[in-house]
Structures are given as structure tokens and as C-alpha cells.
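**Q** Attaching a predicted model along with its sequence, questions to come.
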Amino acid sequence: MLARRNSSSSSVQLAMSEASSARRCAGMAARNSSIDVHLSMLARIAVWRLTMPPKGKAAAKGKDDDDGGGKKPTGAGTAVKVRHILCEKQGKCLEALAKLRAAYFPDDGSAAAKGIAKWNEIAGAYSEDKARNGGDLGWMTRGSMVGPFQDAAFKMELSDPGKGKIVYTDPPIKTQFGYHIIMVEGRK
């Protein structure tokens, strides 16, 4: 009987030890889980801080310093008025680019096209996106465009179709949507 009691008490002790180990493991898992949640939250806060525009005196100072009397430097501003011609295939985009070059910068000595009408015509014929009205996307803010498109749009010189000044990306810009010929008409 004594032997049985010892084996029985050792199995009880073993069971208690296993239960204690299980509780410790569960406690560690819970702590690790809360650490993972905490790290995930910190990562989201860090990304949010990087993507938010600056606030306070520095941002207000930049707005007040604009005298409105000239062009802003290339790359400045938070929004651009942009048009584009989007083609899924590079060959089709290069055809559209050749048509734009022939219209706005003719090699044969003929008069260059003025205004936006020729752009609208070529965009209507070649562009494959929903902005069929001359590829006009309107005012686009930083962060609302894909990376290479946004980089090009904010670095470009402004076009002024009313004065016959047409500036577009040459070569086209490649994104996950295809190839873009981009024209920027305004910046703010």
C-alpha cells in the first residue's frame, strides 16, 4: 500500500508539475502575444508618423512665405494637376509618344501644334484608362499616386498649353499599371 501511495503521490506531483509548466508556458505565450501586439502597434504608429504631413509652425510658415509671384521650384507642393496617357504595352505607348513628338516638335519644319487639343486627340486614341477625356486626372495629392508616377509628376516642369508650352515625360514612366506619358499643368 505504501508503494502505491508513493506512486500515486508521485503521479499527482508529476501532474501538478505539468500543470504548473503549462501555466508558465501559457503565461509566457500571453506575454509574448501582448508583446507582439505592442510591437505591431508601435510599427503602425511609426509608419503613420512618417506618412503624415508636418504640422505646426514649420508647415504654416511654408504657406505664408509663398508670395504667389512665380513658379514654385520643381518638386515643391503637395498636389499636381496632371494628365497622362496610359498604355499597358510599351509598344503602344511608344507609338503615342512618337505622335506627340511629331505634333509638338515636328522634324519636317511644319508648325508645331499649340494648345491641348492634339494631346486630347492622342490620349483619346491611345490611352487605356478610365480618364479618357484627354487623360485628365485632375488634382492629385502626394501619396495618392503610385511611386514612379508620383516621383515623375512632382519633378516635372509645368506645361502651359495656353502659351504653347507642352512638357511631358520622355521616355514613358513604367508602373504596375503599364506605361505612362505624363503632363503636369499645375502645382499647389
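**A** Cool, the structure landed. Numbering: from 1, shown residues only.
**Q** C-terminal to the helix or strand of the chain with the lowest mean pLDDT, what's the next element?
**A** Taking mean pLDDT, DSSP states H and E as the measure, the helix or strand of the chain with the lowest value is helix 57-65, at a mean of 41. Remark: after helix 57-65, the chain's next helix or strand is strand 79-87, criterion DSSP states H and E.
**Q** For Pro171, give me its contacts.
**A** Contacts here follow C-beta atoms under 8 Å, 6 or more residues apart in numbering; on that basis Pro171 touches Leu97. Yep, even glycine has a C-beta here, placed from its N, CA and C like the rest.
**Q** Okay, strands next: where are they in this protein?
**A** Counting by DSSP state E, the chain has these strands, from start to end: 79-87, 136-141, 173-175, 178-187.
**Q** Mind listing what's buried along the longest one?
**A** By neighbour count on 16 or more other C-beta atoms under 10 Å, the buried set for strand 178-187 is Gly178, Tyr179, His180, Ile181, Ile182, Met183, Val184, Glu185, Arg187.
**Q** what does the shortest one give?
**A** Neighbour counts over strand 173-175 (16+ other C-beta under 10 Å) mark Ile173, Thr175 as buried.
**Q** which helices and strands does it pack with?
**A** Secondary-structure packing of strand 173-175 (3 or more C-beta pairs under 8 Å, 6 or more residues apart in numbering; DSSP states H and E): helix 147-155, strand 178-187.
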